[in-house]
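# This is a predicted model, with the sequence first.
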Amino acid sequence: MIADPIKFIRVADQPFNMVAIIIRGGKIVSVGHNNYKRRSYKFKRQNKYADQQGIHAEMDAIRKWKNKKSGATMVIVGLSKAGNIIENSMPCFRCINAIIGVNKISTIRYVEDGIWKIRKIRNNAKV
């Protein structure tokens, strides 16, 4: 895991700032941030994902990821407006389905109840 994922968080004027970092072979291959611009993105598992409030960091990282290769890890972390680590950065079911749909991410790391968790991704599985 990277030493300090928090340094990748882009602080914006929103209730919380999330970052999803995709790592493969010890190198960062993509960094995604949540934002509140209305956009529509297409993913393999879903015909269309449109979030009224913007895009999640996980979706943004997948969208920006070039040369997708198997065996990647996604690290997800967030900060509140006050600068505290958010106690739950577990991906929502839509993001989990997008991660599974990419079929290249084997592990995700996130914070749940203030504790770092590791989850292996079984490709071609539905959540």
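Arrived safely, thanks for sending. Numbering: from 1, shown residues only.
# does the spatially closest residue to residue 122 that is not a sequence neighbour count as helix, strand or coil?
Spatial nearest neighbour of residue 122, chain neighbours left out: residue 100 (7.7 Å); criterion: CB to CB, 6 or more residues apart in numbering. Heads up, the C-betas are built off the backbone N, CA and C, glycines and all. Counting by DSSP: H, G, I helix; E, B strand; the rest coil, the backbone at residue 100 sits in helix.
# Touching, residue 112 and residue 88? I think so.
Yes: at 5.7 Å, residue 112 and residue 88 qualify as touching, with contact defined as CB atoms under 8 Å.
# I'd like to know how far residue 88 sits from residue 95.
Distance of residue 88 to residue 95, computed by CB to CB, to the nearest Å: 13 Å.
# more neighbours, these two?
residue 95 (24 against 10; other CB atoms under 10 Å).
# which residue sits farthest out from the middle of the protein?
Most distant residue from the mean C-alpha position of the chain: residue 82, 21.2 Å away (CA atoms, centre = their mean).
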